[in-house]
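Asker: Any chance you could fold what I've pasted below:
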Amino acid sequence: MNHQQALIELDRSLVSKGGLRQFIRLAWPQVEPSRPLISGWHIDAISEHLEAITAGRLNRLVINIPPGHMKSLSCCVFWPAWVWTFKPECKWIYASYSMGLSQRDNLRTRRLIESEWYQSRWGHVFKPLRDNWGAIKFMNDHAGFRLCTSTDGTVTGEHADVQVCDDPIKPQDARGGLLATKTALNACLEWWNETMASRVIDFKKSARVIIMQRLHVYDLAGAVLKEGGYEHLCLPMEYEPKTICTTSIGFKDPRAEKGELLWPQRFSKEAVAQLKKELGPRGEAAQLQQQPVPLSGSVFEKEYVKYWSQKPIVKTVVSSWDCTFKETGSSYVVGQVWGVTPDSESYVLLDQIRKRMSFSETLSAIRKVAFAYPTASAHLIEEKANGSAIIDTLRDQIPGITPVLPLGGKEARAHAVESLWSNGQVVLPSPEQCSWVNEFVQELLEFPSSLHDDQVDAMTQSLSWLRERVLRLKTFTKSMNNTGNLSCFL
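Answerer: The predicted model follows:
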């Protein structure tokens, strides 16, 4: 055996024993020939979890890590090339927010496979199909392929063993106006849950992987982690003992000191300080620490939230409805029942309905609430969306149907009732009494950056209406006390 053949056999042996981690070290010069590989334990951690996906020990994974830490090279370039050294039949679909980024890594993988180094070691395992060896999709003679697309693209007719989404949303889309941000986040989530969910070969065994820096409370990673079922490898730039990352395969963040850096060999304290300055506090929290905070700052603070365990006595009851713009039942409809205590000091949430409802289902829900609360003095319905049609339909059926035309934007209406919360005058059912309260409180605390705001809208509508009546009553009572008649009030 000559020297060259000995090196080939050595590399094969090292990769066979060392897995993806060793493959990355050996294959690095083929992908980045002009700069040396800077080692880091986080690369091994990523590799360990990708190896678990390959072995079938995991099939759902979210990796959150700051930019510049080799996530794309590790997950999108080296991983599929390594898997094909022993499992060439594996089918891959990769996506990013940009088709250009997706195609960039597709070509990197293809060039690595085409390299003399790779071919001399594993060229016998599979052969490229020259008539299907392109920039967007390339296929081998074992029917394995690597296809790239974007989060606004299609994969019609293709199904994969592994789906990987790398950076599903660009930072600018997560920092836009409230409506633009929600539109981008919703579109991305719908693409992942609806377009891509069916594009797997085996619904039990096929893997789905999301790798990204956090950008928003409800970015794709945040949304799927809330739904559950995904392993979460979260590696912040600076170590935070309160949020130590551990995973089911036995991984634990090895750092011990608060503020200890993730990859100091590449990102020194000075470099991180500069990044913080450039990104600002919100960018630092999201992109570096993987802990996004509401983009516009919360209107309502956690310490404002008060609960009742025994339902208070109330004298004035209203229901408040936030309806949908769609007839399909794809958006949430929220109906809340609020009351005011006899001393007019506390505003009490008594009940809530929140469901995806069609027009007819919404009518039935309002009728049901009106029947359950016959003493309600008003049923407030926003005169927008399909609210006008609902008002016209129910006006002669239910007493107290009251059209409401909201003034100002959603944030302005929230700020208008914020003082009621900060003064401790708003009381909610305890989560032990009503489990739906937890989602309401979460939406409240994240507003206006929350993905949905229908519960907050129904709340601000009812509190504004009730407070106006309370103030009128107090003015009337004061006038009566001062004059003994109604003349000055009228």
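
Asker: can you give me the helices in the stretch 1-150 of the chain?
Answerer: 3-31, 41-55, 71-72, 79-83, 99-114, 116-122 (DSSP state H, counting those that start in this stretch).

Asker: In TSV, list those helices along with mean neighbour count, mean pLDDT and distance to residue 247.
Answerer: The C-beta positions use only the backbone N, C-alpha and C, and glycine is treated the same way. Converted to TSV, the helices of the stretch 1-150 of the chain look like this (neighbours: other Cβ atoms under 10 Å; pLDDT from 0 to 100; distance: least, Cβ to Cβ, whole Å):
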stretch	mean neighbour count	mean pLDDT	distance to residue 247
helix 3-31	16	95	16
helix 41-55	20	98	7
helix 71-72	22	96	16
helix 79-83	24	98	17
helix 99-114	19	96	25
helix 116-122	16	97	30
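
Asker: possible to save those as JSON lines with distance to residue 234?
Answerer: Formatted as JSON lines, the helices of the stretch 1-150 of the chain follow (distance: least, Cβ to Cβ, whole Å):
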{"stretch": "helix 3-31", "distance to residue 234": "20"}
{"stretch": "helix 41-55", "distance to residue 234": "11"}
{"stretch": "helix 71-72", "distance to residue 234": "12"}
{"stretch": "helix 79-83", "distance to residue 234": "19"}
{"stretch": "helix 99-114", "distance to residue 234": "22"}
{"stretch": "helix 116-122", "distance to residue 234": "32"}
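
Asker: Of all those, which one comes closest to residue 265?
Answerer: Comparison of the helices of the stretch 1-150 of the chain against residue 265 by Cβ to Cβ identifies helix 41-55 as nearest, at 10.3 Å.

Asker: That closest one to helix 3-31, inter-axis angle?
Answerer: The directions of helix 41-55 and helix 3-31 differ by 110 degrees, with axes from the mean of the first three to the mean of the last three Cα atoms, to 10 degrees as the criterion.

Asker: The helices of the stretch 1-150 of the chain: which one's closest to residue 268?
Answerer: The closest of the helices of the stretch 1-150 of the chain to residue 268 is helix 41-55. By Cβ to Cβ, the value is 15.6 Å.

Asker: how far out from the middle of the chain is that closest one?
Answerer: Computed by Cα atoms, centre = their mean, to the nearest Å, the separation of helix 41-55 from the middle of its chain amounts to 23 Å.

Asker: one step back: show me the one of the helices of the stretch 1-150 of the chain that comes nearest residue 418.
Answerer: Residue 418 sits nearest to helix 71-72 of all these, at 39.8 Å, using Cβ to Cβ.

Asker: ok, residues contacting the closest one?
Answerer: 46, 63, 65, 101, 105, 166-167, 211 (Cβ atoms under 8 Å, 6 or more residues apart in numbering).

Asker: repeat for stretch 44-60
Answerer: Contacts for stretch 44-60 (Cβ under 8 Å, 6+ apart): 19-21, 24, 61, 63, 65, 70-71, 74-75, 79, 83, 87, 162, 204-209, 224, 229-231, 233, 235, 247-249, 251.

Asker: low-confidence ranges in the chain?
Answerer: When residues are selected by pLDDT under 70, those of the chain lie in 1, 175-180, 293-298, 325-330, 476-490.

Asker: Out of the helices of the stretch 1-150 of the chain, the one nearest residue 156 is which?
Answerer: Comparing the helices of the stretch 1-150 of the chain against residue 156 with Cβ to Cβ, the closest turns out to be helix 99-114 (15.4 Å).

Asker: Can you check what angle separates that closest one from helix 3-31?
Answerer: Our comparison of helix 99-114 with helix 3-31, counting by the same axes, to 10 degrees, yields an angle of 170 degrees.

Asker: could I have helix 99-114 exported to CSV, CA atoms only?
Answerer: C-alpha atoms of helix 99-114 as CSV (Å, rounded to 0.1, in the frame of the first residue of the first chain):
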residue,chain,number,x,y,z
MET,A,99,-33.3,30.8,-2.5
GLY,A,100,-29.9,32.3,-3.0
LEU,A,101,-28.7,31.1,0.4
SER,A,102,-30.3,27.7,-0.1
GLN,A,103,-28.6,27.3,-3.5
ARG,A,104,-25.2,28.5,-2.1
ASP,A,105,-25.1,25.6,0.4
ASN,A,106,-26.5,23.1,-2.2
LEU,A,107,-23.5,24.0,-4.4
ARG,A,108,-21.1,23.8,-1.5
THR,A,109,-22.3,20.3,-0.8
ARG,A,110,-22.1,19.3,-4.4
ARG,A,111,-18.5,20.6,-4.8
LEU,A,112,-17.4,18.8,-1.7
ILE,A,113,-18.8,15.5,-3.1
GLU,A,114,-17.2,16.2,-6.4
